[in-house]
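1. What would the 3D arrangement of this be:
(one chain, ligands or ions: 1)
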Amino acid sequence: MTTETTIDPTAIQQAAEQLRGAAASGKPVAPIRDVISAGGVDAAYAVQEINTRHALDSGRRLVGRKIGLTSLAVQRQLGVDQPDYGMLFSDMDVPEGIPISLDQVIQPKVEAEIAIVVGRDLLYPDLTTAEMIRAVEYVVPAIEIVDSRVANWDIRIWDTVADNASSGLFVLGAVPRKLEALDLRECGMVMEAKGEPISVGAGIACLGSPITASLWLARVMARVGRPLLEGDVILSGALGPMAGIARGDVVEARINGVGTVRAAFAAEAG
Ligand SMILES: C[C@H](O)CC(=O)C(=O)O
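-> Residues are numbered from 1 along each chain as shown. Okay, here's the model as predicted:
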């Protein structure tokens with residue numbers, strides 16, 4: 001039996017405009033799933049693609065991808081059995097040590113992740129695990145500042161996929177590590193704010209391994225015609241639960257073997 005899906009181009013265009021408007025105004029919108037869910041997840045990716053093209057046409061530079069919904073707990077919460085992806089643009093990268101203004105985001109939360117920097121173009125939809133491992137130039141610890149243009153984070157799979165996988169900003173640790181000596185599955189993670197743990201986890205929570213998650217991403221990106229290229233950053237997925245933050249917080253994530261990264265949030269508006 002095949003499942004029929006309907007993609008209504010007008011609804012898709014409107015949803016893309018709503019999400020873009022929310023990002024520009026800082027005012028979140030109601031969930032968009034009711035208008036696009038008849039088209040399935042493909043319709044949500046069509047919304048994302050419209051806004052990706054809009055961003056590229058406006059001069060934003062694509063520098064990588066994020067993988068979301070890598071943990072089973074989050075997948076169950078959203079009723080899905082696979083991860084999703086979103087685009088990373090150069091203006092989402094915040095150098096470590098620079099205070100992050102909360103005016104840049106609407107409803108920020110943080111996640112600790114392992115970022116993989118790709119050392120060669122990954123053009124094949126049937127990429128193998130060995131090829132993925134060979135393509136890892138280095139890894140760094142990362143804090144992803146996820147955000148939602150949908151009010152109160154009231155998201156289901158269609159909302160988050162359409163909304164660029166709820167991406168926001170990201171901070172990468174400054175010390176690159178080679179993969180050779182690391183088993184990313186066993187890298188334990190603790191993220192703290194105000195000296196208290198706000199999230200704990202490990203590499204194995206990320207689809208079994210950040211390498212497996214990255215392989216999934218690389219294959220899908222090759223299939224949809226936006227392959228990962230040399231130098232691209234992969235935010236490979238949360239190692240533990242998302243956590244809320246407040247103005248003035250300094251968030252530190254420590255990932256065994258991979259290193260430490262800090263995100264400092266500005267105390268004042270502006
Ligand atoms: C809703 C977000 O995609 C969560 C995320 O970034 C992750 O699961 O990782």
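2. hmm, stretch 69-82 in reach of the ligand?
-> Yes. Using Cβ under 6 Å from any ligand atom, we find that stretch 69-82 touches the ligand at 69-70, 74. C-beta coordinates here come from the backbone N, C-alpha and C atoms, glycine included.
3. Same question for stretch 131-151.
-> Yes. Against the ligand, stretch 131-151 shows contacts by Cβ under 6 Å from any ligand atom at residue 146.
4. Just the buried residues of that stretch, please?
-> 132, 135-136, 139-150 (16 or more other Cβ atoms under 10 Å).
5. what are the phi and psi values for residue 210?
-> The phi and psi values for residue 210, taken as degrees, to the nearest 10, are phi -60, psi -20.
6. Quick one: neighbours of it, just the number.
-> 31 (other Cβ atoms under 10 Å).
7. And the lowest-mean-pLDDT helix or strand in the chain, how far out from the chain middle?
-> The helix or strand of the chain with the poorest confidence is helix 72-78; it has a mean of 79 (mean pLDDT, DSSP states H and E). The chain centroid and the centroid of helix 72-78 are separated by 15 Å, computed with Cα atoms, centre = their mean, to the nearest Å.
8. Check which helices and strands that helix sits against.
-> Helix 72-78 sits against no helix or strand, with contacts defined as 3 or more Cβ pairs under 8 Å, 6 or more residues apart in numbering; DSSP states H and E.
9. other SSEs contacting the helix or strand following it?
-> Counting by DSSP states H and E, the next helix or strand C-terminal to helix 72-78 is strand 84-89. Under the contact definition 3+ Cβ pairs under 8 Å, 6+ apart, strand 84-89 sits against helix 40-57, strand 62-68, helix 157-162, helix 210-224.
10. redo that, cut-off 7 Å
-> helix 40-57, strand 62-68 (3 or more Cβ pairs under 7 Å, 6 or more residues apart in numbering; DSSP states H and E).
11. angle of the helix or strand just after that strand against strand 84-89?
-> The first helix or strand that comes after strand 84-89 along the chain, using DSSP H and E, is strand 109-118. Inter-element angle recorded for strand 109-118 and strand 84-89: 80 degrees (by axes from the mean of the first three to the mean of the last three Cα atoms, to 10 degrees).
12. which residues does the closest residue to the ligand within the chain bridge with?
-> Proximity of the chain to the ligand (Cβ to the nearest ligand atom) peaks at residue 68, 2.5 Å away. Beta-bridge pairing of residue 68 under DSSP bridges involves residue 84.
13. That one reaches residue 164, doesn't it?
-> No. Using Cβ atoms under 7 Å, residue 68 is not in contact with residue 164; the gap is 9.5 Å.
14. what's the overlap in contacts for those two?
-> Counting by Cβ atoms under 7 Å, 6 or more residues apart in numbering, the residues touching both residue 68 and residue 164 are residue 86.
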